[in-house]
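Peer 1: Make a model of this:
(one chain, ligands or ions: 1)
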Amino acid sequence: MARFRPAVDQLEAYVPGEQPPGDADIVKLNTNENPYPPSPRALAALAGVGAERLRRYPHPLADTFRQSAADVLGVEPDWILAGNGSDDLLTMLFRAVTGAGRPVAYPAPTYVLYRTLAAIQGAPVVEVPFDEEYMLPVAALAAAGAALTLVANPNSPSGTAATPDQLASLADRTTGVLAVDEAYVAFAGASALDLVRRHGHVIVLRTLSKSHGLAGLRLGYGIAHPDLLSGLSRVKDSYNVDAVAAAVGAAAIRDVAYTRETVERIRATRTRLGEALAARGFRVWPSEANFVLARPADGNARRIYEDLKRRGVLVRYFAEPGLADKLRITVGTEEQTTRLLSCLAELMP
Ligand SMILES: Cc1ncc(COP(=O)(O)O)c(C=O)c1O
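Peer 2: Predicted coordinates for the structure are as follows:
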């Protein structure tokens, strides 16, 4: 008998962005991390995690975090399910909802992990292409009639966002589960959270990786009607959120003022970065995220990616149809952005 299931044998594993060693003198603008440290209150909570908390198993539903998230969002705690990053919530969704004969639909290009998780499940995939402007293809997504429809909003790698009306229309027209992946929503103008109250089949996914500067902690959550969440918790790992993540995440999510301040700084730098790239002849798509998608005038994105890398600046290059002429650049600090722009000035005099 073959060692692995055919779906696993044929799987193209998800390849995350490069992670150079922490002490390397590199401007790392390739995986959309927050350039600012987590809230001081989160760091104090980390220091306060004692031996007893580590000796015991954590609460299976990360109750301290769940209560904190519920307070901040103004929902009941049973409308929240925490996970080991929002990737974990995605895994639960795919496990619980999709499989052979239970298709997945999403606009493309988008977060590549959706394709990987569908392949692991052996679920058919309907990838609906975005147009040049990355407008959400509502009618085609609804027509797919999928068991699970996903929309990353704002989308990665485009940074563009669908309007609340477009998402509401999609929610009205889908009957399977609709997941709105709001990994980058803190940097955007609007959230789809109110759809969750109106539709039992809609789940909104969030993460502390980007807006709260906690990508290394691994903490995300879903917000949905408790009936939908109870299906997901049936397929989750028993202790999917560790005690440290729950304690640190609870403190971080409660520090709303700190998050707002760092998010505002990133939004201001995003405007500066977009304008500077446009002045160098890049086409820059309007971004509501903590990164921008930019196409150099000559389309030779790979060369710029490699030249920047040689100068110690890492951005994201996707050798994929529709993306091979573009770069996705994370918004860093003002200083990091200055270094990126001066490297570009050398490369593109
Ligand atoms: C659209 C989208 N969703 C989810 C994630 C995963 O986030 P997390 O770190 O919470 O697993 C990412 C990370 O890059 C992302 O871009």
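
Peer 1: where does the chain have low pLDDT?
Peer 2: Low-confidence segments of the chain (pLDDT under 70): 23.

Peer 1: Please repeat the previous calculation with a cut-off of 90.
Peer 2: Scanning the chain with the threshold set as pLDDT under 90 gives 7, 12-25, 320-321, 348-349.

Peer 1: Tell me the residues of it that contact the ligand?
Peer 2: The interface of the chain toward the ligand, taken as CB under 6 Å from any ligand atom, is made up of 32, 85-87, 111, 152, 156, 181, 183, 207, 209, 215, 220. Just so you know, the C-beta spots here come from the backbone N, C-alpha and C atoms, and that holds for glycine as well.

Peer 1: Sketch out the helices for this structure, chain order is fine.
Peer 2: In the chain, the segments counted as helices under DSSP state H are 6-9, 40-47, 51-55, 63-73, 86-97, 113-121, 138-143, 164-173, 193-198, 226-234, 243-254, 256-279, 301-310, 334-347.

Peer 1: how much space between residue 76 and residue 59?
Peer 2: Applying CB to CB, to the nearest Å, the value for residue 76 to residue 59 is 17 Å.

Peer 1: neighbour-wise, which of these two wins?
Peer 2: The neighbour comparison of residue 76 against residue 59 (other CB atoms under 10 Å) goes to residue 59, with 15 against 10.

Peer 1: who touches that one in this structure?
Peer 2: residue 246 (CB atoms under 8 Å, 6 or more residues apart in numbering).

Peer 1: how about 10 Å then?
Peer 2: Going by CB atoms under 10 Å, 6 or more residues apart in numbering, residue 59 touches 65-66, 82, 239, 241, 243, 246.

Peer 1: Weed out the non-buried ones from those residues.
Peer 2: By neighbour count, with 16 or more other CB atoms under 10 Å, the contacts of residue 59 hold 65-66, 82, 241, 243, 246 as buried.

Peer 1: from those residues, which two are the most distant?
Peer 2: Spanning the widest gap among the buried ones among the contacts of residue 59 are 66 and 243, at 13.5 Å by CB to CB.

Peer 1: With respect to the ligand, which of the contacts of residue 59 is nearest?
Peer 2: residue 82 (10.8 Å; CB to the nearest ligand atom).

Peer 1: For the closest residue to that closest one other than its chain neighbours, grab phi and psi.
Peer 2: The shortest distance from residue 82 to any residue other than its chain neighbours is 4.0 Å, reached at residue 62 (CB to CB, 6 or more residues apart in numbering). When quoted as degrees, to the nearest 10, the phi and psi of residue 62 stand at phi 50, psi 50.

Peer 1: How much space separates residue 62 from the ligand?
Peer 2: Relative to the ligand, residue 62 is positioned 14 Å away (criterion: CB to the nearest ligand atom, to the nearest Å).

Peer 1: same thing with residue 173?
Peer 2: 22 Å.

Peer 1: quick one, what contacts that residue?
Peer 2: Going by CB under 10 Å, 6+ apart, residue 173 touches 138-139, 141-143, 145, 149.

Peer 1: which of these has the most neighbours?
Peer 2: The most crowded member of those, judged by other CB under 10 Å, is residue 149 (28 neighbours).
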